[in-house]
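**Student:** Below are the sequence and a predicted model for it; my questions follow.
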Amino acid sequence: MIDLTGRKALVTGAGRGIGRAIAVALARAGADVAVNDIREDLAVSTAAVVTAVGRASIACAADVSRLTQVEAMFDLVKQRWDRLDIMVNNAGVNTKSSLLTLSEKDWDYVLGVNLKGVFFCTQAAAKIMVEQRYGRIISVASVSAKSHLPMAAHYCASKAGIVGFNREAARELGAYGITVNAVCPGLTETELSQEVRADPEFMLRRLGETPLGRIAKPEDIAGLAVFLASDAASHITGQAFNVDGGAVMY
Ligand SMILES: NC(=O)c1ccc[n+]([C@@H]2O[C@H](COP(=O)([O-])OP(=O)(O)OC[C@H]3O[C@@H](n4cnc5c(N)ncnc54)[C@H](O)[C@@H]3O)[C@@H](O)[C@H]2O)c1
């Protein structure tokens with residue numbers, strides 16, 4: 001049984017989907033959880049669940065791709081709590097486009113949230129964690145970092161970028177007792193994947209390639225995040241773990 005009692009966590013994009021499942025799972029394991037989302041109503045809703053589990057929570061509405069908003073969010077967390085033990089970079093977006101028509105706007109939007117947001121939040125969290133000489137940084141990438149996703153070269157680039165960024169972050173931060181790892185979900189039942197899941201041909205192919213024969217639920221991803229946040233994972237850093245029913249095996 002993993003015990004995170006007394007730990008303070010911040011989860012981005014936690015208003016729904018995978019982030020919400022991670023925030024709730026961390027709270028169930030004993031952590032107090034600050035809940036970020038670009039949508040305040042969603043952040044408040046997940047924060048209420050954390051509180052209902054019996055843990056402290058802070059709802060932080062902020063766009064992780066905007067530095068001033070990220071700074072304000074960390075100021076709020078620091079004001080309320082004297083430490084931050086667990087940073088989960090989960091906020092992520094996608095737009096559908098073939099490479100030949102992919103616009104600069106879509107590239108900047110997806111890379112801005114998925115990769116620049118991870119940079120901003122990792123750097124801000126690391127500054128606190130270096131001082132306390134302890135920390136767990138977990139970023140939600142994707143198996144698209146290692147494989148591919150139709151009509152989403154920009155998304156694949158952003159997720160592969162997280163994995164590369166993490167390797168050097170893990171090297172620089174290791175001396176301070178901070179681990180940096182990525183969770184790479186396969187197709188997961190959330191609003192983000194609704195459109196691809198509605199394509200029966202794609203689903204047939206995907207399930208055929210998946211040894212466990214089903215796609216993930218958000219809770220499947222949360223299980224690994226909670227493990228990586230725990231002391232049981234204290235000697236693991238710079239890694240990117242797939243949670244995809246075995247569809248991608250490297
Ligand atoms: N669903 C999948 O199949 C799947 C697969 C692999 C990886 N992922 C990754 O998992 C993470 C969570 O995705 P999900 O499926 O739960 O998506 P989702 O769309 O259900 O939830 C994402 C949340 O992030 C919030 N958000 C969006 N932009 C934001 C921003 N700029 N700042 C702060 N919050 C923002 C949204 O409001 C939403 O609440 C993402 O990084 C995604 O790329 C998802």
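**Tutor:** Happy to help now that I have it.
**Student:** where do the strands sit along this structure?
**Tutor:** 8-11, 32-37, 57-61, 86-89, 135-140, 178-185, 240-243 (DSSP state E).
**Student:** residues in contact with the fourth one?
**Tutor:** The list of residues contacting strand 86-89 from outside it, by CB atoms under 8 Å, 6 or more residues apart in numbering, reads 4, 7-12, 14, 19, 22-23, 26, 31, 64, 117-118, 121-122, 125, 129, 135-140, 162, 225, 229. C-betas here are computed from N, CA, C, even on glycine.
**Student:** what about the lengthiest helix in the chain, distance to the chain center?
**Tutor:** If you go by DSSP state H, the chain has its longest helix at helix 153-173. Relative to its parent chain, helix 153-173 has a centroid offset of 12 Å by CA atoms, centre = their mean, to the nearest Å.
**Student:** and it with strand 178-185, angle?
**Tutor:** Here helix 153-173 runs at an angle of 160 degrees relative to strand 178-185 (axes from the mean of the first three to the mean of the last three CA atoms, to 10 degrees).
**Student:** Tell me who's in contact with the residue nearest the centre of the chain.
**Tutor:** The centre of the chain sits closest to residue 90, judged by CA atoms, centre = their mean, with a distance of 2.2 Å. Counting by CB under 8 Å, 6+ apart, residue 90 makes contact with 11, 12, 13, 14, 18, 19, 22, 139, 140.
**Student:** For the residue of the chain most remote from its centre, give me the pLDDT.
**Tutor:** Ranked by distance from the centre of the chain (CA atoms, centre = their mean), the top residue is residue 100, with 28.9 Å. According to the per-residue confidence, residue 100 scores 98 in pLDDT.
**Student:** cool, the one 3 residues further on as well?
**Tutor:** Reported pLDDT at residue 103 in the predicted model: 98.
**Student:** how close does it get to residue 158?
**Tutor:** Taking CB to CB, to the nearest Å as the measure, residue 103 falls 15 Å from residue 158.
**Student:** neighbour count winner among these two?
**Tutor:** Counted by other CB atoms under 10 Å, residue 103 and residue 158 do not tie: residue 158 has more neighbours, with 27 against 11.
**Student:** how much space between that one and residue 56?
**Tutor:** Counting by CB to CB, the gap from residue 158 to residue 56 is 32 Å.
**Student:** just residue 223 next, same as before
**Tutor:** Counting by CB to CB, the gap from residue 223 to residue 56 is 23 Å.
**Student:** And for residue 172?
**Tutor:** Look at residue 172 and residue 56: by CB to CB, they are 30 Å apart.
**Student:** So residue 2 sits against residue 228, correct?
**Tutor:** No - applying CB atoms under 8 Å as the test, residue 2 and residue 228 come out as separate, 10.2 Å apart.
**Student:** more crowded one of those two?
**Tutor:** Higher neighbour count among residue 2 and residue 228: residue 228, with 23 against 17, using other CB under 10 Å.
**Student:** Could you tell me which residues make contact with that one?
**Tutor:** By CB under 8 Å, 6+ apart, the contact set of residue 228 is 136, 138, 179, 181, 183, 236, 241.
**Student:** Look up how far the ligand lies from it.
**Tutor:** 15 Å (CB to the nearest ligand atom, to the nearest Å).
**Student:** Let me know the pLDDT of that residue.
**Tutor:** Per-residue pLDDT puts residue 228 at 98.
**Student:** Please apply the same query to residue 185.
**Tutor:** Residue-level pLDDT assigned to residue 185 equals 98.
**Student:** nearest residue to it other than its sequence neighbours?
**Tutor:** residue 221 (4.8 Å; CB to CB, 6 or more residues apart in numbering).
**Student:** What number of residues are in the vicinity of the one you found?
**Tutor:** There are 25 residues near residue 221, going by other CB under 10 Å.
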